[in-house]
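Colleague: heads up, no residue letters with this:
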Ligand SMILES: Cc1cc2nc3c(=O)[nH]c(=O)nc-3n(C[C@H](O)[C@H](O)[C@H](O)COP(=O)(O)OP(=O)(O)OC[C@H]3O[C@@H](n4cnc5c(N)ncnc54)[C@H](O)[C@@H]3O)c2cc1C
């Protein structure tokens with residue numbers, strides 16, 4: 001009996017580097033450059049290495065670097081890059097105050113994958129379908145990058161440059177920073193997939209603030225509908241300053257198609273994505289409105 005080549009392929013031999021500190025990891029990455037790949041949970045990297053889509057000469061395991069697993073609610077909400085999806089799901093802070101991030105963790109893969117996968121890996125893989133990214137963008141998250149030339153903070157919405165591409169330049173993402181929203185808000189995450197535990201056909205997150213019945217602030221972010229995760233700014237503009245009646249919401253949803261550029265791939269067709277994006281954004285807006293703290 002013969003098996004498909006993708007199953008029988010083995011990972012090509014590589015050199016293994018296991019730094020215990022961030023400084024050591026940055027130094028190795030700087031020295032090895034494109035020959036090396038960072039390994040966190042390995043749930044994206046190792047399947048790609050098995051398919052030989054990526055064949056690194058060196059693998060730098062950063063999973064045991066101390067001090068990159070945390071969820072701290074101080075002047076800002078800060079999440080360490082090596083925090084696993086299951087730790088995020090179990091956080092009371094996220095469940096109570098950042099519901100869309102919590103909801104994304106519950107829609108994420110299987111228990112086995114959630115135990116290994118890190119939030120930093122989800123962002124740095126830079127898949128347009130990454131589930132943790134739309135809720136973080138809707139909260140105006142920034143990422144802290146540490147490299148040989150020091151540290152910098154980049155808005156997450158500007159981090160991605162294409163499918164699987166980002167602004168990292170021999171840098172390690174160490175934490176995600178979310179400024180405390182100034183107004184009271186409601187938030188929600190929605191995802192459609194082919195089967196449970198699959199990557200999204202489409203995902204989206206909304207954060208909305210309402211004052212005197214008027215929408216005075218809204219963020220809408222979508223995944224898997226363009227080369228990178230996107231903000232639906234035209235749809236947002238159609239809602240800001242309005243009383244969010246069903247008529248206004250339905251009219252604004254007609255703008256979603258202008259905010260996205262979906263493609264046809266193994267998970268879905270462009271036409272389906274264009275149509276269903278409107279439905280998902282509508283659901284997320286309505287649930288976010290209902291969840292606003294009174
Ligand atoms: C069966 C299965 C189901 C899945 N389902 C989902 C799903 O429902 N939703 C979803 O979003 N994803 C899903 N994924 C994809 C994957 O689990 C996630 O993207 C995961 O969060 C990746 O994190 P990781 O720690 O395993 O990353 P790794 O595989 O270790 O790394 C991914 C990439 O990011 C780089 N990297 C990792 N950490 C850093 C860092 N701190 N700084 C710089 N670069 C870094 C690595 O070099 C690598 O290129 C699934 C994967 C599998 C195998």
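Modeller: Right, received. Where do you want to start? Since the model is a prediction, treat every value here as computed from it, not as a measurement. Residues are numbered from 1 along each chain as shown.

Colleague: contacts and neighbour counts: CA atoms only from here.
Modeller: Noted.

Colleague: all helices for this structure, in order.
Modeller: Ranges of helices in the chain, per DSSP state H, are 5-8, 22-32, 45-50, 85-89, 92-97, 99-106, 111-116, 119-125, 133-138, 233-239, 246-253, 256-259, 270-290.

Colleague: and the longest one, what other elements does it pack with?
Modeller: When you say that, I think you mean helix 270-290. On a contact count with 3 or more C-alpha pairs under 8 Å, 6 or more residues apart in numbering; DSSP states H and E, helix 270-290 meets strand 186-193, strand 200-211, helix 246-253, helix 256-259.

Colleague: swap in the fourth one?
Modeller: Packed against helix 85-89, as judged by 3+ C-alpha pairs under 8 Å, 6+ apart, are the following elements: helix 99-106, helix 111-116.

Colleague: any idea which of these is most buried?
Modeller: A comparison of the helices and strands packed on helix 85-89 by mean neighbour count, using mean count of other C-alpha atoms under 10 Å, puts helix 99-106 on top with a mean of 23.

Colleague: do I have it right that residue 56 meets residue 37?
Modeller: Yes. Counting by C-alpha atoms under 8 Å, residue 56 touches residue 37, with 6.1 Å between them.

Colleague: who's in contact with residue 95?
Modeller: Shown in contact with residue 95 (C-alpha atoms under 8 Å, 6 or more residues apart in numbering): 89, 101-102.

Colleague: quickly list what residue 202 is bridged to.
Modeller: Residue 202 has these beta-bridge partners by DSSP bridges: residue 192.

Colleague: and the pLDDT at it?
Modeller: Residue 202 is assigned 94 on the pLDDT scale.

Colleague: that one touches residue 273, doesn't it?
Modeller: Yes. Look at residue 202 against residue 273 with C-alpha under 8 Å: they come within range, at 6.8 Å.

Colleague: more neighbours: these two, which one.
Modeller: residue 202 (26 against 23; other C-alpha atoms under 10 Å).

Colleague: distance of the more buried one from residue 157?
Modeller: Distance, residue 202 to residue 157, using C-alpha to C-alpha, to the nearest Å: 17 Å.

Colleague: what's the most buried one of the helices of the chain?
Modeller: The highest average neighbour count among those, using mean count of other C-alpha under 10 Å, belongs to helix 133-138 at a mean of 28.
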